[in-house]
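Chemist: let's see this in three dimensions:
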Amino acid sequence: MAETTTTADVEQPRSPVHDLDSPDEIAEMVRRFYADVAMDDLLGPVFEDVAEVDWSEHLPKLTAFWCRALLGLPGYAGNPFRAHALIHAQHAFTPAHFARWLSLFHETLDLGWAGPNVERAHLLADNVARVHSQQLIGTAVVVDR
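Modeler: Just a heads-up that it's a prediction; the model follows:
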């Protein structure tokens, strides 16, 4: 007898149902996003070869940044602009770097989460990319979602 496959047998893509409303959700978002960044042909070499990022140290710092930004939690101490300026001095960023970072960020959020904090994260990422690109390369990079 031939086997039939029903829709119930095939895993369907799930719509995002969770907001970025806990440190665990934010940590998962940061992990997924930077896994994509590290593998990206344009961004990966900047993180790996220029910045020589130690991901075991960097991911908790990024998680703390987003937890502070979205949840108001203490724990982040740092100057994101200064860190990016130091990397830019070693290997000049281009508008493509900022556009790619922002596109990957929006894609990560859209594929995994939905809710008010997700919208706030989209807006904050837009602002960070726009301001940092304007200050570092003289061009305010904006990406349409």
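Chemist: output the below-cut-off pLDDT ranges for the protein.
Modeler: For the chain, applying pLDDT under 70 flags the ranges 1-15.
Chemist: element containing the residue nearest in space to the middle of it, please.
Modeler: Most central in the chain under CA atoms, centre = their mean is residue 105, positioned 3.9 Å from the mean C-alpha point. According to DSSP states H and E, residue 105 maps onto helix 95-112.
Chemist: what about the residue nearest to residue 137 when sequence neighbours are not counted, how many neighbours?
Modeler: With CB to CB, 6 or more residues apart in numbering as the criterion, residue 137 has its nearest non-adjacent residue at 5.7 Å, and that residue is residue 93. No exception for glycine: its C-beta is placed from N, CA and C like everyone else's. Using other CB atoms under 10 Å, the number of residues around residue 93 comes to 19.
Chemist: any idea how far residue 93 is from residue 32?
Modeler: Applying CB to CB, to the nearest Å, the value for residue 93 to residue 32 is 23 Å.
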